[in-house]
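Student: Here is my input; please provide its structure:
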Amino acid sequence: MILICCSDTHHPNSVENLSEIQLMKKRIVIKDCRELFRKDIFQPGDTGIFTFHDSEWQIEDGWLVGINRGNHPGMAILRQSFPGNVLVEFEAMTIPPSTHDINVMWNGDWIDSIDQRGTAYVAGLEGWWNGKVGIERSPEYKLMLGTPLFDFAPGILYKIHAGSIDGHCFILADGKLLLEGMDPDPIDHQKFTKVGFEAYASQIKLRNVVIRQISWEPVTMKYEQEF
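Tutor: So this is what the prediction gives:
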């Protein structure tokens, strides 16, 4: 049995309703992104919409709860496929005494024959062994981005947005862009279509999951004259 003993209080800087995401040379208007999936509160029967891998997952009081004691990806992957450029939104927190690794996967797959994650983008908070916000591409891991500059607090609820536009990957927490980067050889998002959530040597819980098809517009970026 997993004891959920932490508060669902949001971080003080939480943004409840993000209206747009500003990236380098791109702008995403959330209301223009078609909703593909929504699950605000999980019900006991909702375990059937997932496949679970190398970890324990269950529904507790409306939360999807994951526990993974191993140093490997422990995943809950939605059975539904989500081709194209997708934006994944959810609320999540670590469950004390767990202090790290809230991760999300998109444009991905799981290879049953070897019981491992295959091609995918993965992003997360307080991971990569040194408490970093990170983005990576499996299974080669030649694309790895990270920064230790986000002040993460265990047991605090964060609202996370993550996704990509033809390899332009990004992750936000509580409405703030934390990291973005470009994959020069983007994943074929029509072939690799799975979205999932990952605990990596961690205990996490999540809810309010929304997956959207990204609609975006180009932005001309320039400096205004200052002198």
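Student: Ala162 versus Pro218, what's the distance?
Tutor: For Pro218, the distance to Ala162 equals 21 Å [Cβ to Cβ, to the nearest Å]. Where C-beta positions appear, they are placed from N, C-alpha and C, glycine not excepted.
Student: Neighbour count for those two, which is higher?
Tutor: Ala162 (27 against 8; other Cβ atoms under 10 Å).
Student: Next up, the contacts around Leu149.
Tutor: Val133 (Cβ atoms under 8 Å, 6 or more residues apart in numbering).
Student: Can you read off the backbone torsions of it?
Tutor: Taking degrees, to the nearest 10, you get phi -90, psi 0 for the backbone angles of Leu149.
Student: same check, this time on Gly48
Tutor: Given degrees, to the nearest 10, the pair of backbone angles that Gly48 has is phi -70, psi -20.
Student: elements contacting the longest strand along the chain?
Tutor: Determined from DSSP state E, the single longest strand within the chain is strand 202-213. Counting contacts by 3 or more Cβ pairs under 8 Å, 6 or more residues apart in numbering; DSSP states H and E, strand 202-213 packs against strand 34-39, strand 63-68, strand 86-94, strand 102-108, strand 194-199.
Student: quick one: which of those strands is nearest Arg79?
Tutor: strand 194-199 (8.7 Å; Cβ to Cβ).
Student: now for the closest one, which elements pack on it?
Tutor: strand 63-68, strand 74-78, strand 86-94, strand 102-108, strand 120-127, strand 202-213.
Student: Can I get those strands in JSON lines including mean pLDDT?
Tutor: Formatted as JSON lines, the helices and strands packed on strand 194-199 follow (pLDDT from 0 to 100):
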{"stretch": "strand 63-68", "mean pLDDT": "98"}
{"stretch": "strand 74-78", "mean pLDDT": "98"}
{"stretch": "strand 86-94", "mean pLDDT": "98"}
{"stretch": "strand 102-108", "mean pLDDT": "98"}
{"stretch": "strand 120-127", "mean pLDDT": "98"}
{"stretch": "strand 202-213", "mean pLDDT": "98"}
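Student: Which among the ones you listed is found nearest to Lys26?
Tutor: Nearest of the helices and strands packed on strand 194-199 (Cβ to Cβ): strand 86-94, 12.1 Å.
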